[in-house]
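In: predicted model and sequence follow; I will ask about them next.
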Amino acid sequence: QVQLVESGGGLVQAGGSLRLSCTASGLTFSRSAMGWFRQAPGKEREFVAVAMYLTGLTLYAESVKGRFTISRDNVKNTVYLQMNSLKPEDTAVYYCATGRAIRRGADQYDYWGQGTQVTVSS
């Protein structure tokens with residue numbers, strides 16, 4: 001079965017950086033869209049970024065554009081989210097997800113990881 005395992009979350013001060021990783025198994029990684037979402041307490045899950053290997057396309061939420069970078073290693077079946085210039089409002093549980101196309105909607109993704117907590121202190 002498909003499994004997605006995230007890592008790399010933690011506590012960081014505002015202005016700092018973190019890199020999240022998500023390793024996938026049980027799917028054809030190179031054909032899959034790999035995305036990141038986040039959910040803050042009391043808020044809905046929101047799209048952060050997605051990358052599709054076959055097309056080379058990436059898509060970012062406006063709130064993270066220029067600060068976050070999504071990349072993928074198709075040998076290691078791993079997708080990364082490099083987060084720079086972090087802000088307190090980036091605090092959330094970050095989830096990795098896989099789907100079939102570049103999409104912003106969470107309902108377009110088939111499988112999800114368990115999430116990793118990112119906390120940015122002011």
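Out: Received, thanks.

In: from now on I want contacts and neighbour counts done on CA atoms only, so please keep to that.
Out: Noted.

In: who does Ile70 bridge with?
Out: Beta-bridge partners recorded for Ile70 (DSSP bridges): Leu81.

In: tally up the residues packed near it, please.
Out: By the criterion of other Cα atoms under 10 Å, Ile70 has 22 neighbours.

In: tell me the contacts of it?
Out: Going by Cα atoms under 8 Å, 6 or more residues apart in numbering, Ile70 touches 49-51, 58, 79-82.

In: most neighbours, which of the residues you listed?
Out: Using other Cα under 10 Å as the neighbour criterion, Val50 leads the contacts of Ile70 with 28 neighbours.

In: helix or strand for that one, which one?
Out: strand 46-52 (DSSP states H and E).

In: could you pull out the strands for this structure?
Out: 3-7, 10-13, 18-25, 33-39, 46-52, 57-60, 68-73, 78-83, 92-99, 109-112, 116-121 (DSSP state E).

In: now mean pLDDT too, for those strands, in JSON lines please.
Out: Converted to JSON lines, the strands of the chain look like this (pLDDT from 0 to 100):
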{"stretch": "strand 3-7", "mean pLDDT": "96"}
{"stretch": "strand 10-13", "mean pLDDT": "98"}
{"stretch": "strand 18-25", "mean pLDDT": "97"}
{"stretch": "strand 33-39", "mean pLDDT": "97"}
{"stretch": "strand 46-52", "mean pLDDT": "96"}
{"stretch": "strand 57-60", "mean pLDDT": "95"}
{"stretch": "strand 68-73", "mean pLDDT": "95"}
{"stretch": "strand 78-83", "mean pLDDT": "97"}
{"stretch": "strand 92-99", "mean pLDDT": "97"}
{"stretch": "strand 109-112", "mean pLDDT": "96"}
{"stretch": "strand 116-121", "mean pLDDT": "98"}
